[in-house]
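Novice: Build me a structure from this.
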Amino acid sequence: MLMQLHRSDALIPAGRSAGSVRTWAMSRPQEPHEGAASASSGVRLLRADSRRTRETILDTAFEVLTQHPDATLEQIAHEVGVNRSTVHRHFPRRDDLIRALTHRIVPEMDACFREAAAGGGTRGAQFERLFRLVVLRGDRLRFLLTHWREEYSDLQLYETADEWIAMVEGAKEEGSIRADLPVEWVLAYYGTTLDAAFSLIEGGRFSAEQAADIAAVTFMAGLSRTGEGF
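Specialist: I've put the predicted structure just below:
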């Protein structure tokens, strides 16, 4: 009876042969079994929940480690509100957690360069804009300075080194900063001025926005003074 129904001319759409209809009918994807669909949906929900838990752990760990650099996984788990085994399931070692945070933060710092350059203007203007952006993201930079380790260099995430040097050299060429200043000196001055800004922010004396404006202006002013060469 089934074969007769498949071969019945009454079931063949206009313009199709019986053979093509049989091939079409055999090749049609079968509707998933209700139980299989439910299981697949359950797996997707579990994966989404696992991703949310991982992101929550990373968010909380960043806050905890910024304030308490030596915090343990157990302390981080307590702040997240989960068992330590849950944190260990995502990050078996503390170093795995630090590495994951580095993966997340370094591209954010790299993005500062792209944002500064996207604003256009002279290299000096871009440099000043970059300084403001970095101060406003100071918690990220402080985390990297505190937790960065040499073995993380295999992450190959740093785009900033060459871009930073190119920005300095470009500012020197156009006269925005003194041409006789070594890049190493500019970098040291950059770090010192950032430290001053971060200290004033942490001490509550300035908001991040105020410190960013003051630091950027004084930083550029210090590099643009005229004087004799070294």
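Novice: any low-confidence regions in the chain?
Specialist: For the chain, the stretches with pLDDT under 70 are 1-46, 149-160, 225-230.
Novice: Break this protein into its domains for me.
Specialist: Under the assignment automatic domain parsing, the domains of the chain span 44-92, 105-230.
Novice: distance between the shortest one and the chain's centre?
Specialist: Centroid separation for domain 44-92 versus its chain: 17 Å, with Cα atoms, centre = their mean, to the nearest Å.
Novice: ok, so what distance separates the residue nearest to the spatial centre of the chain from Pro69?
Specialist: Per Cα atoms, centre = their mean, the C-alpha nearest to the average position across the chain is that of Arg104, at 3.6 Å. As judged by Cβ to Cβ, to the nearest Å, Arg104 and Pro69 stand 17 Å apart. Just so you know, the C-beta spots here come from the backbone N, C-alpha and C atoms, and that holds for glycine as well.
Novice: swap in Gln75?
Specialist: 12 Å.
Novice: Looking at these two, which is more packed in?
Specialist: A count of neighbours by other Cβ atoms under 10 Å puts Gln75 above the other of Gln75 and Pro69, at 15 against 11.
Novice: Who are the contact partners of that one?
Specialist: 64, 68 (Cβ atoms under 8 Å, 6 or more residues apart in numbering).
Novice: And for Ala77?
Specialist: Ala77 neighbours (Cβ under 8 Å, 6+ apart): 83-84, 86-87.
Novice: Where does Ser176 sit: helix, strand or coil?
Specialist: Under the three-state scheme (DSSP: H, G, I helix; E, B strand; the rest coil), Ser176 adopts coil.
Novice: Begin at 539, not 1, for the rest of this chat.
Specialist: Sure thing, new numbering starts at 539, so read that last one as Ser714.
Novice: What's the separation between it and Met705?
Specialist: 10 Å.
Novice: what do these two both touch?
Specialist: 661, 665.
Novice: Now Ala609. Nearest residue, chain neighbours left out?
Specialist: Val602 (4.9 Å; Cβ to Cβ, 6 or more residues apart in numbering).
Novice: Following the chain onward from the host helix or strand of that neighbour, which element is next?
Specialist: Per DSSP states H and E, Val602 falls inside helix 572-605. Next helix or strand after helix 572-605 toward the C-terminus (DSSP H and E): helix 611-618.
Novice: So which bits of that next one are buried?
Specialist: Neighbour counts over helix 611-618 (16 or more other Cβ atoms under 10 Å) mark 611, 614-616, 618 as buried.
Novice: Ok, stretch 659-678 next?
Specialist: Going by 16+ other Cβ under 10 Å, stretch 659-678 has these buried residues: 661-662, 664-678.
Novice: and what of stretch 598-605?
Specialist: Buried residues in stretch 598-605 (16+ other Cβ under 10 Å): 598-600, 602-604.
Novice: Make CSV from the residues you listed and add distance to Leu719 to it.
Specialist: Formatted as CSV, the buried residues of stretch 598-605 follow (distance: Cβ to Cβ, whole Å):
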residue, distance to Leu719
Thr598, 42
Ala599, 39
Phe600, 35
Val602, 39
Leu603, 35
Thr604, 32
